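Chemist: pasting the sequence and the predicted coordinates here, then a few questions.
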Amino acid sequence: MISTITKTSSAPASSVSDEDLGKLARSGQIEAFDELVCRHWPGIRRFLLGYLPNGSAEDVAQETFLRAYRKIEQYDGNRPFLPWLFTIARRLALNEIRSKSRKKEVSLPSHPPEETLDEKPASFGPLWQLAKKRLSADSYAVLRLHYAEDLSIEEVSKVVGKGKTATKVMLHRARRKLSKYSDQLKDNYENPS
Amino acid sequence: MKTLLEILGIRSMSEKEEKLLQDLRDEALKEKAGDELSESNEEGIGGVLIALREERTEERNSPTKSEKSVMSPAWTIGFASVICIFSFSFLIKNNPPSTPIPLTSSSQNQSTPEFAKEGFFLDPSALTDALPLPSDDWVENLNAEQLHASLPIRSIATIYEELSTPSTLSDFEFPAFSDSTLMLYQEEGLKIKRDLTNGLGFLLEALPSFDFQIEG
């Protein structure tokens, strides 16, 4: 997707870091924010799919970018942009879950929601699909942020609101649990019948 | 930086786990590569960009709205003062100040104020209420003598006329009042007549009653 920023600035958009785009957006160059949307929409959506079903995840992803745009003045340009964006996304997802649980008077789901047939495919690989299915929402989020979005342990811990050690423990448990189920996944692939 | 477990030769992660993580990373890269071709992502991004444009349009329009809705303090004070002036002038027109003795225009040029006639106007209804009138029968069958006897207005007026002319005072005789309540006036009248006809004799008579004491 060609964004407006590539037309206006001399450097190609891909060479500009998220932090610089965040600073540009904060200084009033709203096209820079459009580029951030193009870059991180899929990642935010997949991250949110750990907490919410497909339709709600897309709505919350949209709300995440709108909220980030409204609060762009609060973004500290000296800090990485992506953890700030994921923090907003996670908070909005938890708010959505709380509001839904209040309406339906049901408890919070221990596992990420499964997709229904009428929803769009989430374009997950089989392992990530398994992780989404078997891990808790926060464990999936930690795994996703660290291994798919390449966030450091410190950044991940800030997003999920936990300490570094707790985040490492969560990652360790998630890996172990997933490795158990991965054998089952291999068996399914090798012997589909 | 190596961890203590790695230094001791103990691997923190089994080969199986390492393989799993590598597979997870590979899958994530494939996902990202596929995102550029995904129609659903384009739809989602398009939706966000449209929403952002709407947001920006609202932002551009919002300052004019706020300017319209919120008035500056100077304008507010100005409008308030104009409204106050109009309301006061309206009240003054409807209820002029109640000056008991309005001055005429000619009096403004004179040192002594001249009072307008309207200032002395008496309300007749107030007098009627204050002095109850006698019955109609009494008024129709009017007896002058009886009236003079019971209401000695004319007689008292005569007394004061006589008193004001001392030459005729000695010849003046008080009328006899039939009403006992008027006897007091008669007695007082006689005293005044006596004092006036005797000159200052009454003062000489009264002198012994004063006690003069000279101190020192």
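Modeler: Yep, it's here. Numbers count the residues shown, from 1 in each chain, chains lettered A, B, ... in the order given.
Chemist: ok, then the element right after the top helix by length along chain B?
Modeler: Counting residues, the longest helix found in chain B (DSSP state H) is helix B:39-69. Sequence-wise, the next helix or strand downstream of helix B:39-69 (DSSP states H and E) is helix B:73-94.
Chemist: packing partners of that following helix?
Modeler: For helix B:73-94, there is no helix or strand it packs on, judged by 3 or more Cβ pairs under 8 Å, 6 or more residues apart in numbering or on different chains; DSSP states H and E. Placement of C-beta: from N, CA and C, glycine included.
Chemist: which parts of that helix are buried?
Modeler: Judged by neighbour count using 16 or more other Cβ atoms under 10 Å in any protein chain shown, helix B:73-94 contains no buried positions.
Chemist: look up how far chain B lies from residue A:63.
Modeler: Going from residue A:63 to chain B by Cβ to the nearest Cβ, to the nearest Å gives 9 Å.
Chemist: ok, how many other residues are close to the closest residue to that residue other than its chain neighbours?
Modeler: Of all residues not flanking residue A:63 in the chain, residue A:92 sits nearest, at 5.6 Å (Cβ to Cβ, 6 or more residues apart in numbering or on different chains). Counted with other Cβ atoms under 10 Å in any protein chain shown, residues neighbouring residue A:92 total 21.
Chemist: check contacts around residue A:92.
Modeler: Residue A:92 is in contact with A:60, A:63, A:64, A:67, counting by Cβ atoms under 8 Å, 6 or more residues apart in numbering or on different chains.
Chemist: make JSON lines from the residues you listed and add secondary structure, neighbour count and pLDDT to it.
Modeler: Shown next, in JSON lines, are the contacts of residue A:92 (DSSP: H, G, I helix; E, B strand; the rest coil; neighbours: other Cβ atoms under 10 Å in any protein chain shown; pLDDT from 0 to 100):
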{"residue": "A:60", "secondary structure": "helix", "neighbour count": "26", "pLDDT": "93"}
{"residue": "A:63", "secondary structure": "helix", "neighbour count": "19", "pLDDT": "93"}
{"residue": "A:64", "secondary structure": "helix", "neighbour count": "27", "pLDDT": "93"}
{"residue": "A:67", "secondary structure": "helix", "neighbour count": "16", "pLDDT": "92"}
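Chemist: which of those residues lies closest to residue A:15?
Modeler: residue A:64 (24.9 Å; Cβ to Cβ).
Chemist: what is the neighbour count of the residue nearest to the closest one when sequence neighbours are not counted?
Modeler: Closest residue to residue A:64 apart from its sequence neighbours, by Cβ to Cβ, 6+ apart: residue A:89 at 4.3 Å. Neighbour count for residue A:89, taken as other Cβ under 10 Å: 27.
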